[in-house]
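Colleague: this is a predicted model, with the sequence first.
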Amino acid sequence: METLEFQSEARQLLQLMIHSIYSNKDTFLRELVSNASDALDKLRLESFRDKDMKVDVDDLHIVIETDPAERTLTVRDNGIGMTREDVVRLIGTIAKSGTAEFLRQLKEQQSSTSSDLIGQFGIGFYSSFMVADKVTLVTKYPHAEKGVRWESTGESTYTIEDVDDAPQGTSVTLHLKPADDEDRLPDYTEPAKIREIVKRYSDFITWPVRLGGEEINSRKALWARPASEVTEEEYAEFYRHISHDWNAPLETIRMQAEGTFEYQALLFLPSQAPLDLFMRDSKRGVQLYVKRVFIMDDCAELMPEYLRFVKGVVDAADLSLNVSREILQQDRHIQLMRRRLVKKVLSSIKSLMSSRTEDYLKLWREVGAALKEGLLSDFDNRDAILEICSFASTHSESELTSLADYVSRMKEGQEHIYYMTGDSRTAVENSPHMEALRAKGYEVLILTDPIDEMWVDSVPSFDGKPFQSVAKGQVDLETEEEKSANEAKAAEFADLLSWMSTSLAEDVKEVRLSTRLTTSPACVVGDAHDITPTLEKMYKAMGQELPKIKRILELNPSHPLVEGLHKAFAAGERESLADTAELVYGLALLAEGGELADPSRFVKLVADRVQRTF
Ligand SMILES: Nc1ncnc2c1ncn2[C@@H]1O[C@H](COP(=O)(O)OP(=O)(O)OP(=O)(O)O)[C@@H](O)[C@H]1O
């Protein structure tokens, strides 16, 4: 027998369980039954694939036994079981992505809300320690020679040893804490209590759950029952079973197709983003069933990556039970089905947007950034995705706007949907690029998600209105009168501008007069098709070197600094003017929150000027 230590994160979670902060302790049984059900699914699948496997799959089931005298409760399945390595890895450690983040959040929260977080994380097996002071697990994997016995009190260590006579599958025995009404700890050796819990949380489990020889769950797949007969609670429990999210789903979507390719789908939108939503190995949430038989998790063929927050089940009638990923990828029906599922999800979000705005906004805040990835990858549905997007804008400090609402507020003569990308709302609002738009009273979308930098470059328009960055290209805001006045100014400044273009040629590709500035002396803008500085930074962070992209320096001809520059130039001043030109460029960079290439030189130039004022 070996005594091993729990990994430190596992230990912290176990402590949480022992000093259980979650008031509904009944849920431990749901976790154990859920694990047993998964183990039975896995064994059945393995037996399809591996014909030589010597296992009995004729009567796959879950048994619950209680012993009031010994105060034990056992959940036993004859499923896939675990090898010794599995037990150490799966039960002794927490390998799930997001654990560290979870524990950090947990520390920050008051205990009253921690239960929500625990739900997000899904502590599964460890929840046994809410009700037991010792847990014994005996398990055997079909190809392993021996079984394994694992035991722990949930403190820092556990013991593990080989056993010769372990039956197929896994049994988990809880040595129950004494029942305690005050601590809301019921007597879990009472059959009536067990029956009630299984009925409430695990009724839909497709495998028989037996207690005292009697089957205590109805085993009806929710998606196969008429929608009118399924209660909200039943949906919520099922959602928890498949998503490991303890929060109720925000929306339930049901679909049914008959004819040459029959299928039923039961999909859920979450009320909170899965913790792994933006992690590299994040999973898609749709499971594939064939005629009520579980086939696979995380089915990429059914849901595109940008909808990875959608959880649920698709049950197809006309596939073979040993269908493989390769077959799925090529199957025309599957592609058709996927298209319909995506359309249905997008239209459900759209109807949330109009009928339950609060819920829609909740969803958007949680998963909007993922949804926007679809603008880059799902061309067929681009318009449908744009319709369900919301953005911050200069129209309101706190409320988001849809594009349709933006368009409805467009001023007479306004042809473009204006936007500006940046690191934060403040950076965007303070940027000199916004000045003329503000003066004209035009609304500007404030796009601060990293993904925004990407999609705005590839999505040309919404509702026939082209998107236009206020920091790129020429922003055409003037009236005819203003235009001719500006042309006159441009002629007046022509020599200065061309001299400055040469003087600053290292840094900018052109110096020109601006129509977007009212109070700042200068700003830098990109050419219409150049990538933005933020995007440039993102590419660099990903290790992609790009050729230096020169931008355009725009001067505000009515600013005293620029006027002064003009005068000095006309008076024949050149040498110190070159420094001033450099200063003006530096100021423009700083004003947009950019970085100077040589800050110490800039400081020296400024100090020099300030000195001369004394
Ligand atoms: N009865 C069982 N038979 C076979 N393997 C099991 C069984 N119970 C647990 N396991 C294995 O141990 C792993 C960890 O279980 P645990 O309940 O802690 O987390 P989980 O089920 O993966 O996630 P969650 O708790 O979020 O559902 C499972 O993923 C599974 O591989």
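Modeller: Done, it's in.
Colleague: correct me, but Leu32 touches Val75?
Modeller: Yes: counting by C-beta atoms under 8 Å, Leu32 touches Val75, with 4.3 Å between them. Backbone N, C-alpha and C define where each C-beta goes, glycine included.
Colleague: and for these two, which residues touch both?
Modeller: Val172 (C-beta atoms under 8 Å, 6 or more residues apart in numbering).
Colleague: His241 contacts Ala36, doesn't it?
Modeller: No: when contacts are counted by C-beta under 8 Å, His241 is not listed as touching Ala36 (11.9 Å).
Colleague: these two: who's more crowded?
Modeller: More neighbours surround Ala36 than the other of His241 and Ala36, with 28 against 19 (other C-beta atoms under 10 Å).
Colleague: beta-bridge partners for the closest residue to that one other than its chain neighbours, please?
Modeller: Once flanking residues are discounted, Ala36 sits nearest to Asp77: 3.7 Å by C-beta to C-beta, 6 or more residues apart in numbering. With DSSP bridges applied, Asp77 shows beta-bridge pairing to Ile62, Thr170.
Colleague: what count of nearby residues applies to Asp77?
Modeller: Neighbours of Asp77 (other C-beta under 10 Å): 27.
Colleague: wait, it sits on Leu40?
Modeller: Yes: with contact defined as C-beta under 8 Å, Asp77 reaches Leu40; the gap is 5.8 Å.
Colleague: what residues are shared contacts of those two?
Modeller: By C-beta under 8 Å, 6+ apart, Asp77 and Leu40 have these common neighbours: Leu60, His61, Ile62, Trp207.
Colleague: and the furthest pair within those residues?
Modeller: With distances taken as C-beta to C-beta, the most widely separated pair in the shared contacts of Asp77 and Leu40 is Leu60 and Ile62, at 8.6 Å.
Colleague: who has more neighbours out of those two?
Modeller: Using other C-beta under 10 Å as the criterion, Leu60 and Ile62 rank with Ile62 on top: 27 against 23.
Colleague: which SS class is the most centrally placed residue in the chain?
Modeller: The residue lying closest to the centre of the chain (C-alpha atoms, centre = their mean) is Leu277, at 3.0 Å. Each residue gets one of three states, and Leu277 gets coil by DSSP: H, G, I helix; E, B strand; the rest coil.
Colleague: hang on, it packs against Tyr306?
Modeller: No: Leu277 is beyond contact range of Tyr306, at 10.7 Å (criterion: C-beta under 8 Å).
Colleague: mutual contacts of those two, please.
Modeller: Residues touching both Leu277 and Tyr306 (C-beta under 8 Å, 6+ apart): Ala370.
Colleague: could you list the low-pLDDT ranges of the stretch 1-150 of the chain?
Modeller: Along the stretch 1-150 of the chain, segments meeting pLDDT under 70 span 20-23, 95-103, 105-123.
Colleague: residues of it that sit close to the ligand?
Modeller: With C-beta under 6 Å from any ligand atom as the criterion, the stretch 1-150 of the chain meets the ligand at residues 31, 35-36, 39, 77, 79-82, 90-91, 122-126.
Colleague: try it again at 5 Å.
Modeller: Neighbours of the ligand within the stretch 1-150 of the chain, by C-beta under 5 Å from any ligand atom: Asn35, Ala36, Ala39, Met82, Leu90, Gly122, Gly124, Phe125.
Colleague: are any of these buried, and if so which?
Modeller: For those, a burial check counting by 16 or more other C-beta atoms under 10 Å picks out Asn35, Ala36, Ala39, Met82, Gly122, Gly124, Phe125.
Colleague: give me the element the third one is part of.
Modeller: Read that as Ala39. Assessed by DSSP states H and E, Ala39 sits inside helix 27-49.
Colleague: that helix: how far from the chain's middle?
Modeller: Its chain's C-alpha centre and that of helix 27-49 lie 27 Å apart, by C-alpha atoms, centre = their mean, to the nearest Å.
Colleague: now it: buried residues?
Modeller: Buried positions in helix 27-49, judged by neighbour count with 16+ other C-beta under 10 Å: 27-41, 43-47.
Colleague: can you report phi and psi for Ala132?
Modeller: The phi/psi pair for Ala132 (degrees, to the nearest 10) reads phi -120, psi 150.
Colleague: for it, which non-adjacent residue is closest in space?
Modeller: Excluding its sequence neighbours, the residue lying closest to Ala132 (C-beta to C-beta, 6+ apart) is Leu174, at 3.7 Å.
Colleague: which element follows whichever strand or helix holds the one you found toward the C-terminus?
Modeller: Taking DSSP H and E as the definition, Leu174 sits inside strand 169-176. The helix or strand immediately downstream of strand 169-176 is helix 191-202, counting by DSSP H and E.
Colleague: next one: that next one, is it in contact with the ligand?
Modeller: No: contact of helix 191-202 with the ligand (C-beta under 5 Å from any ligand atom) is absent, the minimum separation being 12.9 Å.
Colleague: the very next helix or strand once past that helix pairs with which strands?
Modeller: Using DSSP H and E, the next helix or strand after helix 191-202 towards the C-terminus is strand 209-211. Sheet pairing for strand 209-211, assigned by DSSP bridges, gives strand 62-67 (parallel), strand 214-215 (antiparallel).
Colleague: quick check: angle from the longest one to strand 169-176?
Modeller: In this case it means strand 62-67. Compare the direction of strand 62-67 with that of strand 169-176 by axes from the mean of the first three to the mean of the last three C-alpha atoms, to 10 degrees and you get 30 degrees.
Colleague: name the residues that touch strand 62-67?
Modeller: With contact meaning C-beta under 8 Å, 6+ apart, strand 62-67 is reached by 29, 33, 36-37, 40, 72-77, 188-191, 194, 198, 205, 207-211.
Colleague: show me which of these are buried.
Modeller: Listed as buried from the contacts of strand 62-67 are 29, 33, 36-37, 40, 72-77, 188-189, 194, 198, 205, 207-211; burial here means 16+ other C-beta under 10 Å.
Colleague: now do the residue of the stretch 201-350 of the chain found nearest the ligand against Trp150, distance only.
Modeller: Closest approach between the stretch 201-350 of the chain and the ligand, counting by C-beta to the nearest ligand atom: His244, at 3.6 Å. As for His244, its distance to Trp150 is 22 Å (criterion: C-beta to C-beta, to the nearest Å).
Colleague: neighbour-wise, which of the two wins?
Modeller: Trp150 (22 against 19).
Colleague: what strand or helix carries the more buried one?
Modeller: Using DSSP H and E, Trp150 maps to strand 147-152.
Colleague: direction included, what does the helix or strand just after that strand pair against?
Modeller: Using DSSP H and E, the helix or strand that follows strand 147-152 towards the C-terminus is strand 157-163. According to DSSP bridges, strand 157-163 forms sheet pairs with strand 2-5 (antiparallel), strand 147-152 (antiparallel).
Colleague: most tightly packed of the ones you listed?
Modeller: strand 147-152 (a mean of 21; mean count of other C-beta atoms under 10 Å).
Colleague: residues in contact with that strand?
Modeller: So strand 147-152 is contacted by 6, 81-84, 87, 91, 134-140, 158-167 (C-beta under 8 Å, 6+ apart).
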